[in-house]
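Engineer: only geometry, no sequence info:
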């Protein structure tokens, strides 16, 4: 990971090449088809998760939260709810006295397996997310947003998973996360996207970089942690 970060330390803006622009158009179609297929194939998994969440506390199954899209616009991201209904709203993870106490039993399993991210397939269908790309920042993560603007990362659609997510996830400091996003932008193409895709499964299996209360991530609406 070190070499990937050092390369971007100068924080130079990267303009997309002609080849990258063509690739993004192809990537959009492929991502859309993959998301549609996944929604159909995983519909039984969705049903089981919905029933489990409802059975535990009877609260809402999904939640939405304002995130930053390509070009700096906002969009609602979707996730399965993993935290109690009384969790402080939009509270940064590291400011909660004991983040673990707010996570539901079902939510703990969903987080550990990253199944709480599955509803974001709908964000791909809506054209707001890609399969891989920089994870969308919270609307109030001003430091991360500013760094990404310096690098030019906001030119591309954010993703469900990304280069930073397979190189540290919640453990990463904001500047390192932004540098890894910039590395992804500069090397944008099928090779790095395939590395992100398969690397995500390995990271989930190992539970790499998942830290409750880490300063690299902030709590979502109803206290949900973005794990981004």
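Structural biologist: Looks like it came in fine. It should be emphasised that the depicted structure is a prediction, and the values quoted were computed from it without experimental measurement.
Engineer: burial measure for residue 155, as a count.
Structural biologist: As a burial measure, the neighbour count of residue 155 was computed by other C-beta atoms under 10 Å and equals 19. All C-beta atoms are positioned from the backbone trio N, CA, C, and that covers glycine.
Engineer: for it, which non-adjacent residue is spatially closest?
Structural biologist: Across the structure, with C-beta to C-beta, 6 or more residues apart in numbering as the measure, the residue nearest residue 155 apart from its sequence neighbours is residue 16 (5.8 Å).
Engineer: what does residue 67 give?
Structural biologist: The shortest distance from residue 67 to any non-neighbouring residue, by C-beta to C-beta, 6+ apart, is to residue 136 (3.8 Å).
Engineer: contacts only, for that neighbour.
Structural biologist: By C-beta atoms under 8 Å, 6 or more residues apart in numbering, residue 136 lies in contact with 67, 68, 69, 75, 77, 129, 158, 228.
Engineer: give me that answer again for 7 Å
Structural biologist: Going by C-beta atoms under 7 Å, 6 or more residues apart in numbering, residue 136 touches 67, 68, 69, 77, 158.
Engineer: do residue 54 as well
Structural biologist: Taking C-beta under 7 Å, 6+ apart, we find residue 54 in contact with residue 61.
Engineer: so the residue nearest to residue 155 touches residue 157, yeah?
Structural biologist: No: contact status for residue 16 versus residue 157: not in contact, 12.0 Å apart, counting by C-beta atoms under 7 Å.
Engineer: okay, buried residues for stretch 133-141 please.
Structural biologist: Judged by neighbour count using 16 or more other C-beta atoms under 10 Å, the buried positions of stretch 133-141 are 133, 134, 135, 136, 137, 138, 141.
Engineer: mean confidence score for that stretch?
Structural biologist: Mean pLDDT, stretch 133-141: 93.
Engineer: off-centre distance for that stretch?
Structural biologist: When distances are taken as C-alpha atoms, centre = their mean, to the nearest Å, stretch 133-141 is centred 8 Å away from the chain's centroid.
Engineer: stretch 117-124 now?
Structural biologist: Relative to where its chain is centred, stretch 117-124 has its mean C-alpha point 10 Å off (C-alpha atoms, centre = their mean).
Engineer: now do stretch 28-37
Structural biologist: Centre-to-centre, stretch 28-37 and its host chain are 17 Å apart (C-alpha atoms, centre = their mean).
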